[in-house]
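Student: Here is the input, now give the coordinates:
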Amino acid sequence: MNADPQDEDRLSAEEIAELERKYDPETAFRPTGAKIAVVITTLLVAMSVYHFYASGFGLIRELLHRGIHLAFVLGLVFFMFSYRRSNTTEAPPAVWYRLDGVNLLDIIFGILAVVAALYLPLLPPEIVAERVGNPSDFDVLAGTILLVVTLEAARRSVGPTLPIIAIIFILFAIFGPYAPGALKHGGTSWLGLINHLYMTNQGIYGVAIGVMAQYVFLFILFGVLATRIGLGQLFIDLAMVIAGRYSGGPAKVAIFSSAFMGTISGSSIANTVTTGALTIPAMKRVGYPAHFSGAVEATASTGGQITPPIMGAAAFIMVEYLEIPLRDILAAALFPALLHYFGIFIMVHLEAKKLGLRGLSAEELPKAAIVLRQHWLSIIPLGILVYLILSGRTPDFAAVYGIIACVVVGFLNPVNRLNLTDLWNSLAAGARSTLAVGAAAATVGIVVGVVTLTGVGFRLGYVVLQTATDIGNVMGSVWPFNYFTVPQWALFFSLLLVAFACIIMGAGIPTTATYIILVAVAGPALAQLQVEQLVAHFFVFYYGVLADITPPVALAAYAAAGIAGSNPFKTGNTAFRLGIAKALVPFVFVYSPALLLVADGFTWAAFATTLLGAMLGISSLGVAFSGFLMAPLNKLERWWVGLVSLLFIAPGITTMLVGFVLMLPVLIRQFLHRRAA
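Tutor: Next comes the predicted model:
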């Protein structure tokens, strides 16, 4: 790459790390002294080695495997995250109650967490089976300790919102007889609560922590190693080659590079600061406003969680919940993800045309031949991973051999060569990246445990369905055309209520946690409305991801604003506008599941109709929001195009034809304006 124009603006590695630390609570690790840092790094490497061995070659009981994973997570969280978030990267001064930067109380909490997490899994299985339903006093004590330290670990690593939600659910379980209306239930004692959350696999040791231990850890480690051997740089350079020369080139580079990076990383904020360090300064340099530059990168980067083959932790939770192969989940995710990037691309292209922006010059672009010659080896591990998944191998099997391929390629590749020190640091970095999501998964286990214990999911589902039905009855009586039935109105408003709940809850907690909680709560309501399980899961998942670019807590957008030097709230609003496709696509696949490829009733005709309609609708929305097609649109035209775009998105040939006819006057006027110009 000819680096001169870009390297002047590009952020340093230290600046990138500082931005991640500032905007992502999951990376706000406490500064420590050198001695304790060695201990922590060794434990992180041991964690990676253990998971690699256990998933690839070991035969470890399910409960014991989950317990060991949880012990690593909770113990290391108390070592690495302080009680209060630190604003400095320097270790605090030495005092009697602090060991090389770590408070002695945190060390005690860490030890208690490890003991409580391992106590039950280390007992003989037959003893555990005997005590389920009748736990001993020590069982209750260990379970209580684990409950408390799990909540505190989540508070430190992901923020207070998720632990507060878990505490509300705990109080609901105990004080159920005093709950209002349909939420009222018989309640439970503390012993009954601990028995369910600690002694069974319905709580803390449930599906969420199991998926983290079995699958997600390995895929995160794979992503770290793949980036280290040069795959991330290959993606960025290829994006420059593909899109850099066209109008508004750097913004299109941001879209392609974020889409490529999304295949190996499920973190919106990490993607934003990694690719945005290059693309945001370049966008500003060619003429994009600062807030728009940051918004483009943030919106594109949130696609990582919905882009195959890694997609973050939620995809693997779906595998367990739905009991279908991972390749089916990835197939279902493919075209909705492409529509997300397509929507951003349309808006970026129209903005570039409206502002008359240039592309990057030949001197600013890398040479395709050089890029491929230097980095082609780094694509091999990703190819092996995808091949094994598509051939029907289990996700952990594919990840193990993907990791082995990363190491082999890293040692053989003359560019970005991996040595033993790099491997050590990468193993530590991979484990470090799993701590916050692991603590969140354990806390979500508490919430899901209360849901299964009290049946609140069906109760809340009933409330949602009843509310939507009541609104549907009102709409059916006032709507001038007798076109929609009450169940159709009920479905539409149920989807709206669930979407708003996902966005609101996702504003303060990780996407995976939002997904698990909302599936447990909203899933029953959607099931009563005959929405297919796979479709319902994807609907909830998509709206949980949308929270990363939805103000007032749009962390990915705020991180991008930090790079762009723009107003964070304005950047967040613009990012939401650019990501409007992600907000509409879930409604598309609810009404036409063929878009998910593997949903029931799939036909190629239905798929083609739905995809074409979605692309036309998203393009029309892009025109409406940008106010430009071939020439500027006036306010009335923008509103007209925006309303007509909904007809394209609604699946069906008839609605598309009606939409096209209604759009014709605007298209003719645009064509005449262009000819006159």
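Student: Now do the SS call for Gly203.
Tutor: Taken by DSSP: H, G, I helix; E, B strand; the rest coil, the conformation at Gly203 corresponds to coil.
Student: pretty sure it is in contact with Leu197, am I right?
Tutor: Yes - Gly203 is within contact range of Leu197, at 3.3 Å (criterion: C-beta atoms under 8 Å). C-beta here means a position set from N, CA and C on the backbone, and glycine is covered the same way.
Student: Can you tell me, leaving aside adjacent residues, what's nearest to Asp237?
Tutor: Leaving aside its chain neighbours, Asp237 sits nearest to Val371 (4.3 Å; criterion: C-beta to C-beta, 6 or more residues apart in numbering).
Student: just to revisit the earlier point, what touches both of Gly203 and Leu197?
Tutor: Taking C-beta atoms under 8 Å, 6 or more residues apart in numbering as the criterion, Gly203 and Leu197 both touch 445-446, 449.
Student: PyMOL command to pick out the buried ones of those?
Tutor: Buried residues among the shared contacts of Gly203 and Leu197 (16 or more other C-beta atoms under 10 Å), as a PyMOL selection:
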select buried, resi 445+446+449
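Student: Phi and psi next, for His185.
Tutor: phi -150, psi 180 (degrees, to the nearest 10).
Student: residues in contact with it?
Tutor: For His185, the contact set (C-beta under 8 Å, 6+ apart) comprises 176-177, 179, 454-456, 459.
Student: Return the members of those classed as buried.
Tutor: 176, 179, 454, 456, 459.
Student: Which strands and helices lie in contact with the helix ranked longest in the chain?
Tutor: Identified as the longest helix of the chain according to DSSP state H is helix 326-355. Packing partners of helix 326-355 (3 or more C-beta pairs under 8 Å, 6 or more residues apart in numbering; DSSP states H and E): helix 249-262, helix 290-301, helix 314-322, helix 380-390, helix 533-546, helix 568-578, helix 580-591, helix 604-626.
Student: Can you say which of those is nearest to Leu465?
Tutor: Comparing the helices and strands packed on helix 326-355 by their distance to Leu465 (C-beta to C-beta), the top pick is helix 533-546, with 12.9 Å.
Student: Quick check: what element follows the closest one along the chain?
Tutor: Downstream of helix 533-546, the next assigned helix or strand under DSSP states H and E is helix 555-564.
Student: mind giving me the domain ranges of the protein?
Tutor: 4-17+209-418, 31-159, 603-677 (automatic domain parsing).
Student: quick one: average confidence on the second one?
Tutor: To tie it back to what came earlier, the one meant is domain 31-159. On average, the pLDDT along domain 31-159 is 89.
Student: The last one now?
Tutor: In this model, domain 603-677 has a mean pLDDT of 85.
Student: gap between that domain and the chain center?
Tutor: 30 Å (C-alpha atoms, centre = their mean, to the nearest Å).
Student: tell me the angle the longest helix of the chain makes with helix 314-322.
Tutor: 140 degrees (axes from the mean of the first three to the mean of the last three C-alpha atoms, to 10 degrees).
Student: Flag every buried residue along helix 326-355.
Tutor: Result for helix 326-355 [16+ other C-beta under 10 Å]: buried residues 326-330, 332-353, 355.
Student: which residue ranges form the strands in the chain?
Tutor: For the chain, the strands defined by DSSP state E cover 98-99, 102-103.
Student: Name every strand pairing with the first one and say which way it goes.
Tutor: Using DSSP bridges, the neighbouring strands of strand 98-99 in the sheet come out as strand 102-103 (antiparallel).
Student: Quick check: the closest residue to Ala631 other than its chain neighbours vs Glu152, distance?
Tutor: Computed as C-beta to C-beta, 6+ apart, the closest residue to Ala631 that is not its neighbour in sequence is His673, at 3.7 Å. With distances taken as C-beta to C-beta, to the nearest Å, His673 is found 62 Å from Glu152.
Student: and those two? which has more neighbours close in?
Tutor: Taking other C-beta atoms under 10 Å, His673 and Glu152 do not tie; Glu152 has more neighbours (21 against 14).
Student: quick one, what contacts the residue lying closest to the more buried one once chain neighbours are set aside?
Tutor: Leaving aside its sequence neighbours, Glu152 sits nearest to Phe109 (C-beta to C-beta, 6+ apart; 7.1 Å). The contact partners of Phe109, taken as C-beta under 8 Å, 6+ apart, are 78, 149, 152.
Student: how about a cut-off of 10 Å?
Tutor: Counting by C-beta atoms under 10 Å, 6 or more residues apart in numbering, Phe109 touches 74-75, 77-79, 83, 103, 145, 148-149, 152-153, 156.
Student: Show me the shaky parts of the stretch 351-500 of the chain.
Tutor: 476, 478-484 (pLDDT under 70).
Student: Please look at the residue nearest to Asp237 and Met240 and confirm they touch.
Tutor: Yes - the criterion here is C-beta atoms under 10 Å, and Val371 meets it with Met240 at 8.3 Å.
Student: out of those two, which sits in the busier spot?
Tutor: Met240 (27 against 19).
Student: mind checking how far the closest residue to Gln528 other than its chain neighbours is from Ser293?
Tutor: What sits nearest to Gln528 in space, not counting adjacent residues and going by C-beta to C-beta, 6+ apart, is Leu465, at 5.5 Å. Applying C-beta to C-beta, the value for Leu465 to Ser293 is 43 Å.
Student: quick one: which of those two has more around it?
Tutor: When Leu465 and Ser293 are compared for neighbours, Ser293 comes out ahead with 31 against 22, by other C-beta under 10 Å.
Student: Before we move on, what's the pLDDT of the residue nearest to that one when sequence neighbours are not counted?
Tutor: Leaving aside its sequence neighbours, Ser293 sits nearest to Met283 (C-beta to C-beta, 6+ apart; 3.7 Å). Looking at Met283, its pLDDT reads 84.
Student: Met283 against Ala300, yeah?
Tutor: No - judged on C-beta under 10 Å, Met283 makes no contact with Ala300 at a distance of 11.3 Å.
Student: Please identify which of the two sits among more neighbours.
Tutor: Per other C-beta under 10 Å, whichever of Met283 and Ala300 has more neighbours is Ala300, with 37 against 29.
Student: Just put the domains of the chain in TSV and tack on distance to Asp470.
Tutor: What follows is these, written out as TSV (distance: least, C-beta to C-beta, whole Å):
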stretch	distance to Asp470
domain 4-17+209-418	30
domain 31-159	35
domain 603-677	24
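Student: For Phe492, which of these is the nearest?
Tutor: Minimum separation from Phe492 across the domains of the chain (C-beta to C-beta) falls at domain 603-677, 11.1 Å.
Student: In contact with the residue lying closest to Leu427 once chain neighbours are set aside, which residues are there?
Tutor: Counting by C-beta to C-beta, 6+ apart, Leu427 lies nearest to Ser48, which is 4.0 Å off, once chain neighbours are set aside. By C-beta under 10 Å, 6+ apart, the contact set of Ser48 is 72, 217-218, 220-221, 224-225, 403, 423-424, 426-432, 434.
Student: at 7 Å what do you get?
Tutor: Ser48 sits next to 221, 427, 430-431 when contact means C-beta atoms under 7 Å, 6 or more residues apart in numbering.
Student: Most neighbours out of these, which is it?
Tutor: Most crowded among the contacts of Ser48, counting by other C-beta under 10 Å, is Ala431 at 28 neighbours.
Student: now that one: how far from Ile204?
Tutor: Taken as C-beta to C-beta, the span from Ala431 to Ile204 is 20 Å.
Student: Run a quick neighbour tally on the residue nearest to Val149 when sequence neighbours are not counted.
Tutor: Distance criterion C-beta to C-beta, 6+ apart; nearest residue to Val149, sequence neighbours excluded, is Ala113 at 4.2 Å. Residue crowding around Ala113 was assessed by other C-beta under 10 Å; the count is 26.
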